[in-house]
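*Asks:* Got a sequence here, can you build the structure:
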Amino acid sequence: MPKLPRELSPIEIGRLKSEGVYAVGGVPGLYLQIIGGSRAWVLRFVVGTRRRRMGLGGFPAVTLAQARDKARAARELMDQGIDPIQSREAVMHKAAAARARALTFSKASEQFIAAREAEWRNAKHRQQWENSLATYANPFIGEMAVSEIGQEDILKVLEPIWRTKTETASRVRGRIEQILDWAAVRGHRRGENPARWTGHLDKLLPKPSKIAKVEHHPAVEIGEAQAVVRRIEACAGMGARALLYQVLTATRSGEVRGTLWQEIDLDAGVWNIPESRMKAHKPHRVSLSKQAVQLLRLQPRFEDCELVFPSTKMTPLSDMSLTAVMRRLKLDAVPHGFRSTFSDWAAECTSYPRDLVEMALAHAIDSKVEAAYRRGDMLAKRAALMQAWADYCLPQPG
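*Replies:* Numbering: from 1, shown residues only. Have a look, this model is predicted:
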């Protein structure tokens, strides 16, 4: 029976510096191999008639105790007639195959977007999702299996942009959360969603509202509104007509640019905007002032085109068409800012109640209870409000 080598201690192992192969004892066939300054653990054994040599890791990353544990585990496999090298390779191949089959975040993103884009009214939404994820998320987690994504991975995505691009970072976080929720429902991951804000990331990152600078749309001052609107009225072109209509109705640019003649009831003085074109996804009625009705009556109609304010190609005007009018007049404001001007005017120059003004702006009601009980849209009361606004901006002669 061969003599077993003496068990070396961790201190003795640390002192070994010269090149060579040293039996460390404790487990038959366990050696520390030193070549060119590198030190590694090696287990020598025989399977059948075949001599084998199995690496167990480098020293000191793998300690003496860990090396002995690994060697004992390999010996146990040999006692069962299993080659430990082949067993390890089989485990590695299985893990590699599982990773290859695993759904990566980038693939999950593609499938989620494809499944949900039918709900998005604007084709730009898909592009916004794809661009934001490709720019900020995929470099960190794109090739990771969704099942492996954890809190630290999410923080690697968000922390570099949380303070400098807060609004973008907040959107990216929400999109990642939705994709990981989808992956969980499809059975690709388990456990809590590491991108969840409430009760999770809100404990690790500052609230967006505390660090993001609120940027309001540049608006025309109340006292300058009449002079500015007169200048817009004097401008030629479809963009100027659409902009004037937007001012008089206090609506959004997209709602104006997509206006169809079939939505307009000139006799009743009402503009019925369908839910498909409203930001809140609810139909909205706009009371038209005398000035707005007069503008529409003078607006030409084009054959085979239902648009009230078409471009030269008989398609909806671009958003830049209205902005271009503002720039041409050298106004330090944007079309959407007129909604702020309208709101400020109503608050400072009239006694109309706030909820009436909010309804004219088609803003969502904050209180769910109030929203549930409110059935009407106060159109008759809003008619007086919109006429007063038009008279302020564009007084009629006499």
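
*Asks:* residues touching S106, list them.
*Replies:* L133, N138, G142, E143 (C-beta atoms under 8 Å, 6 or more residues apart in numbering). In this view, the C-beta of every residue, glycine as well, is placed from N, C-alpha and C.

*Asks:* Name the nearest of these relative to R297.
*Replies:* Nearest to R297 among the contacts of S106 is L133, at 48.5 Å by C-beta to C-beta.

*Asks:* how about the residue lying closest to that closest one once chain neighbours are set aside, what does it touch?
*Replies:* Nearest non-adjacent residue to L133, counting by C-beta to C-beta, 6 or more residues apart in numbering: S109, 5.3 Å away. Each residue near S109 by C-beta under 8 Å, 6+ apart is listed here: W129, E130, L133, A137, N138, I179.

*Asks:* Can you tell me which of the residues you listed is nearest S253?
*Replies:* The closest of the contacts of S109, once distances to S253 are taken by C-beta to C-beta, is W129, at 22.8 Å.

*Asks:* Which strands or helices does the helix or strand harbouring the closest one pack on?
*Replies:* Using DSSP states H and E, the element containing W129 is helix 124-132. Applying 3 or more C-beta pairs under 8 Å, 6 or more residues apart in numbering; DSSP states H and E, one finds that helix 124-132 contacts helix 105-116, helix 166-185.

*Asks:* Save those helices as a markdown table, and put in mean pLDDT and distance to K70 too.
*Replies:* Compiled in a markdown table, these are given as follows (pLDDT from 0 to 100; distance: least, C-beta to C-beta, whole Å):
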| stretch | mean pLDDT | distance to K70 |
| --- | --- | --- |
| helix 105-116 | 92 | 33 |
| helix 166-185 | 93 | 35 |
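
*Asks:* Would you point to the one among those that's packed deepest?
*Replies:* Mean neighbour count (mean count of other C-beta atoms under 10 Å) peaks for helix 166-185 among the helices and strands packed on helix 124-132, with a mean of 19.

*Asks:* Run the angle between that helix and helix 124-132 for me.
*Replies:* 100 degrees (axes from the mean of the first three to the mean of the last three C-alpha atoms, to 10 degrees).

*Asks:* Nearest residue to W197 in space, please, no chain neighbours.
*Replies:* Per C-beta to C-beta, 6+ apart, closest to W197 is R173, 6.7 Å.

*Asks:* measure the one you found to G187 for me?
*Replies:* 23 Å (C-beta to C-beta, to the nearest Å).

*Asks:* Could you do D304 as well?
*Replies:* 52 Å.

*Asks:* So for these two, which sits in the more crowded spot?
*Replies:* G187 (9 against 5; other C-beta atoms under 10 Å).

*Asks:* before we move on, the earlier item: so what does the following helix or strand past the helix holding W129 touch, helix or strand wise?
*Replies:* Next along the chain after helix 124-132, taking DSSP H and E as the criterion, comes helix 138-141. On a contact count with 3+ C-beta pairs under 8 Å, 6+ apart, helix 138-141 meets helix 105-116, helix 151-162.

*Asks:* could these go into CSV alongside distance to M386?
*Replies:* Converted to CSV, those look like this (distance: least, C-beta to C-beta, whole Å):
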stretch, distance to M386
helix 105-116, 37
helix 151-162, 42
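
*Asks:* quick one on the thing from earlier: quick one: contacts for the residue nearest to W197?
*Replies:* I154, V157, L158, A195, W197, L201.

*Asks:* From the residues you listed, pick the one nearest Y352.
*Replies:* Nearest member of these to Y352, counting by C-beta to C-beta, is W197, at 37.0 Å.

*Asks:* quick one: that closest one and Q178 touch, right?
*Replies:* No. Applying C-beta atoms under 8 Å as the test, W197 and Q178 come out as separate, 11.9 Å apart.

*Asks:* in the chain, which spans are strands?
*Replies:* 20-23, 30-35, 38-47, 50-58, 264-265, 270-273, 284-287 (DSSP state E).

*Asks:* List just the nearest of the contacts of S106 to Y31.
*Replies:* E143 (38.1 Å).

*Asks:* Grab the nearest non-local neighbour of the closest one.
*Replies:* That would be T104: by C-beta to C-beta, 6+ apart, it lies 5.5 Å from E143.

*Asks:* what's across from that neighbour in the sheet?
*Replies:* Counting by DSSP bridges, T104 forms beta bridges with A145.

*Asks:* close enough to count as contact, it and E148?
*Replies:* No. Using C-beta under 8 Å, T104 is not in contact with E148; the gap is 9.7 Å.

*Asks:* Comparing the two, which residue is more hemmed in?
*Replies:* The residue with more neighbours, out of T104 and E148, is T104; 19 against 13, by other C-beta under 10 Å.

*Asks:* residues touching that one, list them.
*Replies:* Neighbours of T104 in contact, by C-beta under 8 Å, 6+ apart: G142, E143, M144, A145, V146.

*Asks:* Quick check on the third one: phi, psi?
*Replies:* I take that to be M144. Note on M144: its backbone torsions stand at phi -80, psi 140 [degrees, to the nearest 10].

*Asks:* Quick check, it in contact with K107.
*Replies:* No. Assessed by C-beta under 8 Å, M144 is found out of contact with K107, at 10.8 Å.

*Asks:* Who does the nearest residue to A67 once chain neighbours are set aside form a beta bridge with?
*Replies:* Excluding the flanking residues, the one nearest A67 by C-beta to C-beta, 6+ apart is W41, at 4.2 Å. Beta-bridge partners for W41, by DSSP bridges, are L32, G57.

*Asks:* what about W41, neighbour count?
*Replies:* Count around W41 with other C-beta under 10 Å applied: 25.

*Asks:* Kindly confirm whether my reading is correct that it touches L56.
*Replies:* Yes. W41 lies in contact with L56 (C-beta under 8 Å); the separation is 3.9 Å.

*Asks:* ok, residues contacting stretch 151-158?
*Replies:* 136-137, 140-141, 144, 169, 172-173, 176, 194-195, 200-201, 204-205.
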